[in-house]
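*Asks:* Structure of the sequence below:
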Amino acid sequence: MGLCVIRNSHFGGNLVASGEWVGGLIGGGYVSESAPNTMAVSFINCYVDGNVTGTDYVGGLFGGEEGMQQCWNDCWLKDSFFYGTITATGDNVGGIIGYKSDRCSQEIRPEFGLRFRK
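*Replies:* Numbers count the residues shown, from 1 in each chain. Next comes the predicted model:
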């Protein structure tokens, strides 16, 4: 499986979902029992201006990495923004990312935006 990099993408409007893993650009990462891991998703120069609604694992850009067991690659959040309102009933909710696995060590580098390292 290759890298997943979302570049120069935009969504504007209202996104209303009745379930989990909801994001303005991507709901959730790759999940499969035959391949129990996934590469981390990166966002570069992306934004959402609108409202995002779901139950749990809800984020302005990305619902989260459901299948990630360990970090195999660096992931970036660079020059990417969310402008709007998030409505959710669960505990895993974030302005940018709803859920990020604690199995990865992450490093924030403000000079590059946010960078999560393996």
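*Asks:* Now do stretch 8-25: distance to the chain's middle.
*Replies:* 11 Å (C-alpha atoms, centre = their mean, to the nearest Å).
*Asks:* now the end-to-end length of that stretch.
*Replies:* Its start and end residues considered, stretch 8-25 measures 11 Å (C-alpha to C-alpha, to the nearest Å).
*Asks:* Average pLDDT for it, rounded please.
*Replies:* Per-region confidence: stretch 8-25 scores 96 on mean pLDDT.
*Asks:* Please point out which parts of that stretch sit buried.
*Replies:* Residues of stretch 8-25 classed as buried: 9, 11, 15, 17, 20, 21, 22, 23, 24, 25 (neighbour count, 16 or more other C-beta atoms under 10 Å). Where you see a C-beta, it was placed from the backbone N, CA and C, and this is true even at glycine.
*Asks:* swap in stretch 78-94?
*Replies:* For stretch 78-94, burial by neighbour count (16+ other C-beta under 10 Å) applies to 80, 81, 82, 84, 86, 88, 92, 93, 94.
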